[in-house]
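Visitor: Make a model of this:
(chains A and B)
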Protein chains: 2
Amino acid sequence: MKIGLLGLGTVGAGAYEIIENGKGRLQEFYQEELTIERILVRNLDKKRPVEVPEDKLTTDAAKILDDPSIDVILSVMGGMEPAKSYILKALQNGKHVITSNKAVVAANLSLFLEEAAKSNVAFLFEGAVGGGIPIIKPLKQQRRLNQIEAIEGILNGTTNFILTQMMENDLEFDTVLADAQARGYAEADPSADIDGFDVQRKIAILSSLAYGQDIPTDKVYTRGIRSIRGMDTDYFKSKNLDVKLVASSAEQDGAVSIWVEPCLVDPSHRFYAIKNSDNVVSFIGHLSGRLDFVGAGAGMDPTANAVISDLMDILDNHYQADRIPLAVAENVGPTHASQDYYLRVDLLSCSKSEQTRLAKALLNLGLTNNQEIYQGMIEDIEASAMRALVSDVEKECGSIFYARRLRG
Amino acid sequence: MKIGLLGLGTVGAGAYEIIENGKGRLQEFYQEELTIERILVRNLDKKRPVEVPEDKLTTDAAKILDDPSIDVILSVMGGMEPAKSYILKALQNGKHVITSNKAVVAANLSLFLEEAAKSNVAFLFEGAVGGGIPIIKPLKQQRRLNQIEAIEGILNGTTNFILTQMMENDLEFDTVLADAQARGYAEADPSADIDGFDVQRKIAILSSLAYGQDIPTDKVYTRGIRSIRGMDTDYFKSKNLDVKLVASSAEQDGAVSIWVEPCLVDPSHRFYAIKNSDNVVSFIGHLSGRLDFVGAGAGMDPTANAVISDLMDILDNHYQADRIPLAVAENVGPTHASQDYYLRVDLLSCSKSEQTRLAKALLNLGLTNNQEIYQGMIEDIEASAMRALVSDVEKECGSIFYARRLRG
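Guide: Purely as a prediction, here's the structure:
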């Protein structure tokens, strides 16, 4: 079986190590010879995480996508284009496609699944959600037996690392972010992680599969962790709570509520012990009950391991049942249920007009506000009231942070 | 596809509801007609958890095992015999076999896998370990890619329920056990659960698969929870610890250390929030890292869901790669590593000779013992020293309870 690799970053290098350099046990169990025939890179002279024979590298995608001897494409490059065009072309040319690129999957899942079905090939993406956690496969199987009622997870290793470090080492957000960037855990432009867009894509993918609806990412109500401060984590610690960036969705009678928000959990909650770059995905089936899957949310070996698990399913011919027609989602939005919330408002750090608006809003909610900083738990308030309270001020100046209290 | 059902207890009734009564979505996705052709029961007149047409029931196993029109056997009866003979006969007759009976799987795994390979049929047992948690399938796949280094889990819902109730409601062991028996969560003879034998079988099955060795259950060092008392759980609560019956194994250079023991975890441990009848299975692969799978450890719907997941793999033809040759295990034993332990000794509740022996042993360990009851943490002591200290007295009179401190 001949493989074409699109991209040679961290995940690509991990896949190369497993397939070509015998890292792992794959060759013990598959007699069939596996070869990475050709690798698409942008720059032939760049230094790579693995040593690769020069004649395998190409900057010409057609040399891979139009090569009839290549059976499988591993697309481990990031971004939307040209990843989308390459994946489509490969599927149309009758090649199986495996990808770990969540952005392109979230935006095109329905299209890719249709093209794969037309060409009778596999389109697999275990590495796109939850890093090394095998979650896509059991979810695809369980949805054919169970009514999936809800999904909940911690789906981003970078933000979970930042929150864990703030909680455990009494550090400020900016300090931990800078440290994570220096160590390569966070991107130079950290927005996709800390503003929740990465998680937004992942919960959209999981929910689309679970409920059989094509859920657009822009319908996922999303808040990140950019405005959290040490005074917030101090408060959580005093209450024996921990803070996590949680993604959640639920389906009832065709309507899907879906959101990404900072949440507070106590030690009895299964998410409490999910620390640093670990991830968790839970789903509730009407027969299976709640199932949680925990593991490394990122990293070369775990993510490559997930990608190669997909390759094994192709080698084993275990993918036929993956055809999942997705309906157009018609009723998708944030939740309206009442919840308990933590709220912290720092009136002095925002503009004069926002100060006036916020002070009034706090009074309307019946919250004492004779100080510059309001901080406390609000019981049983509608999610929409919280959304209205903060409007756009949260991201602007970090004057507000709020988090939903999540119960076991 | 025609199915023969051996047994019509809780799990059998759950499977019947899914296949025959449309509980679940199976029929939406599988056009092929599924029928439970015949059901083996011991007594035709017994009241069942589901209503079943009388002509499907039989007391004659041959009417199922020798019927060439039956393709798949679901063996959901308990005990060793006749379950073992029936499974062997079915495999020899070229039928796929699915079972949730951990006792018969633990004792005959290697034999069943060989017979299945000979007849080119599937032998699947997702429901035998971890109830409704899909763990066997990912473990079988990951072992073909990863070196599995260790397994750890809470594998018995009854004991986890008892421990949770003692901790949360300040109850004594006997009270909770009696309550669990009254509710049907625990057997009239609770030994298999509370003395750890059920867990012993499950960790033997998981470890055999993971390390490719046929591990006999009697090589699994096993202690249960029979001697735990309120004074122990009071102490754990005062230290912010929780107690769990944990199964563990690790492999290095062919040698397997494997044990079942009560363990103490703090809130930062992933097992801390696994409460009541929930189970967890973790394994560590050299590429995947640590993966945890959490869900219902028992119950009609979850276990039937696991059994039917196996049936789906047969319908999808997704089982060929399950052939796992197991070597004879040659180096299996308990761990010898030093650990921290909690120890409680009640000198007055055991015999005079044991009192003398124990008092001396405590002094040798450098533990103060001027009172009738010794209770405390012992740091960094070899596991073998703890085993020697308690010898057989623990089970006899409940005068000793000890538990290993498990770190994240």
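Visitor: for chain A, what helix or strand is lowest in average pLDDT?
Guide: One helix or strand of chain A scores below all others by mean pLDDT, DSSP states H and E: helix A:393-397, with a mean of 53.
Visitor: Give the rounded mean pLDDT of the next helix or strand along the chain from that one.
Guide: Once helix A:393-397 ends, the next helix or strand along the chain (criterion: DSSP states H and E) is strand A:400-405. Averaged across strand A:400-405, pLDDT comes to 92.
Visitor: Same check on stretch A:210-219?
Guide: On average, stretch A:210-219 scores 96.
Visitor: Can you give me the neighbour number for A:Pro216?
Guide: A:Pro216 is flanked by 14 other residues according to other C-beta atoms under 10 Å in any protein chain shown. (Each C-beta comes from the backbone N, C-alpha and C, glycine too.)
Visitor: got it, and A:Tyr402?
Guide: 21.
Visitor: That one pairs with what?
Guide: Note on A:Tyr402: beta-bridge partners by DSSP bridges are A:Leu343.
Visitor: So it versus A:Leu389, what's the distance?
Guide: 8 Å (C-beta to C-beta, to the nearest Å).
Visitor: which neighbours do those two share?
Guide: Residues touching both A:Tyr402 and A:Leu389 (C-beta atoms under 8 Å, 6 or more residues apart in numbering or on different chains) are A:Leu343.
Visitor: Do you know the pLDDT at A:Leu171?
Guide: Listed pLDDT for A:Leu171 reads 97.
Visitor: Residue numbers of the stretch 301-408 of chain A in contact with chain B?
Guide: Residues of the stretch 301-408 of chain A lying close to chain B by C-beta under 8 Å from any C-beta of the partner chain are A:301-302, A:304-306, A:308-309, A:312, A:316-318, A:320-321, A:408.
Visitor: Show me which of these is closest to A:Asp193.
Guide: For those, the closest approach to A:Asp193 (C-beta to C-beta) belongs to A:Pro302, at 17.3 Å.
Visitor: so that closest one touches A:Gly131, yeah?
Guide: Yes: applying C-beta atoms under 8 Å, one finds A:Pro302 in contact with A:Gly131, separated by 5.3 Å.
Visitor: Identify the contacts common to those two.
Guide: Common neighbours of A:Pro302 and A:Gly131 are listed as A:Gly295, A:Ala296 (criterion: C-beta under 8 Å, 6+ apart).
Visitor: Could I get the contacting residues of the closest residue to A:Pro138 other than its chain neighbours?
Guide: Excluding the flanking residues, the one nearest A:Pro138 by C-beta to C-beta, 6 or more residues apart in numbering or on different chains is B:Pro134, at 5.0 Å. Residues in contact with B:Pro134 (C-beta under 8 Å, 6+ apart) are A:Pro138, A:Gln141, A:Gln142, A:Leu291, B:Glu126, B:Phe293, B:Gly295, B:Ala306, B:Ser309.
Visitor: burial count for the first one?
Guide: By that I understand A:Pro138. Neighbour count for A:Pro138, taken as other C-beta under 10 Å: 22.
Visitor: Is it in a helix, a strand, or coil?
Guide: Under DSSP: H, G, I helix; E, B strand; the rest coil, A:Pro138 falls in the helix class.
Visitor: Wait, it touches A:Asp292, no?
Guide: No: the criterion here is C-beta under 8 Å, and A:Pro138 misses it with A:Asp292 at 11.2 Å.
Visitor: Could I get the CA-only coordinates of stretch A:183-197 as PDB?
Guide: The C-alpha coordinates for stretch A:183-197 follow below in PDB (Å, rounded to 0.1, in the frame of the first residue of the first chain):
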ATOM      1  CA  ARG A 183       7.700  26.100  24.800                       C
ATOM      2  CA  GLY A 184       5.800  25.700  21.500                       C
ATOM      3  CA  TYR A 185       2.500  24.600  23.300                       C
ATOM      4  CA  ALA A 186       0.800  27.800  22.000                       C
ATOM      5  CA  GLU A 187       0.900  29.500  18.600                       C
ATOM      6  CA  ALA A 188       2.400  33.000  18.100                       C
ATOM      7  CA  ASP A 189      -1.100  34.100  17.300                       C
ATOM      8  CA  PRO A 190      -3.000  32.200  20.100                       C
ATOM      9  CA  SER A 191      -6.500  33.300  19.100                       C
ATOM     10  CA  ALA A 192      -7.700  30.000  17.700                       C
ATOM     11  CA  ASP A 193      -6.900  28.400  21.100                       C
ATOM     12  CA  ILE A 194      -7.700  31.000  23.700                       C
ATOM     13  CA  ASP A 195     -10.800  32.500  22.000                       C
ATOM     14  CA  GLY A 196     -12.300  29.000  21.700                       C
ATOM     15  CA  PHE A 197     -12.400  28.700  17.900                       C
END
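Visitor: what does it contact?
Guide: A:156-159, A:161-162, A:177, A:180-181, A:198, A:217, A:222-226, A:245, A:260, A:277, A:395.
Visitor: Tell me the confidence at the nearest residue to A:Leu5 once chain neighbours are set aside?
Guide: With C-beta to C-beta, 6+ apart as the criterion, A:Leu5 has its nearest non-adjacent residue at 4.4 Å, and that residue is A:Ile39. Note on A:Ile39: pLDDT of 97.
Visitor: and if you look at A:Asn369?
Guide: So A:Asn369 comes in at 61 (pLDDT).
Visitor: Residue of the stretch 101-250 of chain A nearest chain B, please.
Guide: Nearest to chain B, among the residues of the stretch 101-250 of chain A, is A:Arg144, at 4.2 Å (C-beta to the nearest C-beta).
Visitor: Surely A:Ala359 forms part of a strand?
Guide: No: applying three-state DSSP, one finds A:Ala359 to be helix, outside a strand.
Visitor: wait, isn't it in contact with A:Leu347?
Guide: Yes: taking contacts as C-beta under 8 Å, A:Ala359 lies within contact range of A:Leu347: 6.4 Å.
Visitor: For these two, work out which one has more neighbours and name it.
Guide: Neighbours were counted for A:Ala359 and for A:Leu347 using other C-beta under 10 Å; A:Leu347 has more, 18 against 14.
Visitor: ok, the more buried one - contacts?
Guide: Shown in contact with A:Leu347 (C-beta under 8 Å, 6+ apart): A:Gln355, A:Leu358, A:Ala359, A:Asn369, A:Glu372, A:Ile373, A:Tyr374, A:Ser399.
Visitor: Would you list the buried entries among those residues?
Guide: Applying a neighbour-count criterion of 16 or more other C-beta atoms under 10 Å in any protein chain shown, the buried members of these are A:Gln355, A:Leu358, A:Asn369, A:Tyr374, A:Ser399.
Visitor: of all those, which comes closest to A:Tyr342?
Guide: Nearest member of these to A:Tyr342, counting by C-beta to C-beta, is A:Tyr374, at 11.0 Å.
Visitor: Next, the contact list for that closest one, please.
Guide: Residues in contact with A:Tyr374 (C-beta under 8 Å, 6+ apart) are A:Leu343, A:Arg344, A:Val345, A:Leu347, A:Leu362, A:Leu367, A:Thr368.
Visitor: Go again with 10 Å.
Guide: A:Tyr374 is in contact with A:Leu343, A:Arg344, A:Val345, A:Asp346, A:Leu347, A:Leu358, A:Ala359, A:Leu362, A:Leu365, A:Leu367, A:Thr368, A:Ile400, counting by C-beta atoms under 10 Å, 6 or more residues apart in numbering or on different chains.
Visitor: Tell me how far it lies from chain B.
Guide: 29 Å (C-beta to the nearest C-beta, to the nearest Å).
Visitor: Is that residue within a helix or a strand, and which one?
Guide: strand A:373-382.
Visitor: Please point out which parts of that strand sit buried.
Guide: Under the neighbour-count criterion of 16+ other C-beta under 10 Å, strand A:373-382 has A:Tyr374, A:Ile378 buried.
Visitor: That one: how far from the chain's middle?
Guide: Computed by C-alpha atoms, centre = their mean, to the nearest Å, the chain-centroid distance of strand A:373-382 equals 28 Å.
Visitor: Name every strand pairing with it and say which way it goes.
Guide: Paired with strand A:373-382 in the same sheet, following DSSP bridges, are strand A:338-346 (antiparallel).
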